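Enquirer: give me a 3D structure for the following:
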Amino acid sequence: MGTKTTIEWTEMTWNPVTGCTKISPGCKNCYAHRMARRLHAMGQARYRNNFAVTLQPDLLDQPLRWSQPRKIFVNSMSDLFHPNVPLKFIQSVFDIMEKAKWHTFQVLTKRSERLVELAGKLSWHDNIWMGVSVENADYNYRIEHLRKVPASVRFVSVEPLLGPIPRLPLQGIHWVIVGGESGPGARNVDARWVRQIRDRCVAQGVPFFFKQWGGTRKKVTGRRLDGRTWDEAPLPRRDNAKQVSA
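Expert: Model prediction:
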């Protein structure tokens, strides 16, 4: 359940929770859902419940066994802040991230309301990066929630980008990732939407990472934007957590 990954902005995945439920348009063609169904059909024990939320407590200490520092995407196959994940289990995940301080952990959620609700009950150490997913301007409120969280790095994943976001909120945000949808049934992304976000990040000095154009053949469409790749990323800063909007 901890594996190297081809996700361009991280190095490893760690899934102490598997399974999720769809809550917004960006979830429609969920890769994790598709993969979970495949693994369930193959008889993979960890997906015995298919895509229902399932705790995997025996995997909690897995990062402690990885001695080489890595960037680790937490719960690529779930959402740590799903309402079916108990607070005590979330706290256990955060405890492990604190102990494995040589790693950088990247946590991503669409449940920004619960994130804000629980943030004060969690230990936010410098190696924990917290992000929210935003697929169009209707979900900018998730960023407003994220800004209230005392993470050392707060990031926004705009993937899949499904519509223009002309005024993506960037105050108190340290990184933006943008990508088009990929896989079966992938919805189109407009280059103007991507440039709009890129230009806003450049103007405000926020690192910008363009992951992919997507489509049903993402290797063909690639990830170059205006003649180059955009692989910018933040450096961990101890004072980031103080940069929270009042």
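
Enquirer: wait, doesn't residue 208 sit right on residue 201?
Expert: Yes - counting by C-beta atoms under 8 Å, residue 201 is a contact partner of residue 208 at 4.0 Å. (Each C-beta comes from the backbone N, C-alpha and C, glycine too.)

Enquirer: now the common contact residues for the two.
Expert: Contact with both residue 208 and residue 201 is made by residues residue 176, according to C-beta atoms under 8 Å, 6 or more residues apart in numbering.

Enquirer: residue contacts, residue 64?
Expert: 96, 99-100.

Enquirer: show me the contacts for the residue positioned nearest the centre of the chain.
Expert: Residue closest to the average C-alpha location in the chain (C-alpha atoms, centre = their mean): residue 108, at 3.2 Å. Residue 108 is in contact with 73-75, 79, 131-133, 157, counting by C-beta under 8 Å, 6+ apart.

Enquirer: give me the local confidence score for it.
Expert: Among the per-residue scores, residue 108 holds a pLDDT of 98.

Enquirer: same check, this time on residue 4
Expert: 87.

Enquirer: list the contacts of it.
Expert: So residue 4 contacts 11-12 (C-beta under 8 Å, 6+ apart).

Enquirer: same check on residue 224?
Expert: Neighbour list for residue 224: empty [criterion: C-beta under 8 Å, 6+ apart].

Enquirer: and what of residue 143?
Expert: By C-beta under 8 Å, 6+ apart, the residues touching residue 143 are 132, 134, 156, 168-169, 173.

Enquirer: now with 7 Å, please.
Expert: Going by C-beta atoms under 7 Å, 6 or more residues apart in numbering, residue 143 touches 132, 134, 156, 169, 173.

Enquirer: what helix or strand is it on?
Expert: helix 141-146 (DSSP states H and E).

Enquirer: starting at the chain centroid, how far to that helix?
Expert: A distance of 14 Å separates the centroid of the chain from that of helix 141-146, by C-alpha atoms, centre = their mean, to the nearest Å.

Enquirer: so after that helix, what's the next helix or strand?
Expert: Downstream of helix 141-146 (by DSSP H and E), the next one is strand 153-158.

Enquirer: what residues does that next one touch?
Expert: Residues outside strand 153-158 that contact it (C-beta under 7 Å, 6+ apart) are 108, 129-134, 143, 146-147, 165, 172-178, 197, 234, 236, 240.

Enquirer: same thing but 8 Å
Expert: Outside strand 153-158, the residues within contact range by C-beta under 8 Å, 6+ apart are 106, 108, 129-135, 143, 146-147, 165, 168, 172-179, 197, 234, 236-237, 240.

Enquirer: low-confidence ranges in this protein?
Expert: Scanning the chain with the threshold set as pLDDT under 70 gives 1-2, 236-246.

Enquirer: now do the strands in it.
Expert: 2-4, 12-14, 17-18, 54-55, 71-74, 104-109, 128-133, 153-158, 175-179, 208-212 (DSSP state E).

Enquirer: and the ones you listed as JSON lines, adding distance to residue 28?
Expert: As requested, the strands of the chain are exported to JSON lines (distance: least, C-beta to C-beta, whole Å):
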{"stretch": "strand 2-4", "distance to residue 28": "25"}
{"stretch": "strand 12-14", "distance to residue 28": "22"}
{"stretch": "strand 17-18", "distance to residue 28": "20"}
{"stretch": "strand 54-55", "distance to residue 28": "22"}
{"stretch": "strand 71-74", "distance to residue 28": "21"}
{"stretch": "strand 104-109", "distance to residue 28": "17"}
{"stretch": "strand 128-133", "distance to residue 28": "13"}
{"stretch": "strand 153-158", "distance to residue 28": "16"}
{"stretch": "strand 175-179", "distance to residue 28": "15"}
{"stretch": "strand 208-212", "distance to residue 28": "17"}
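
Enquirer: kind regards, and thank you for your time.
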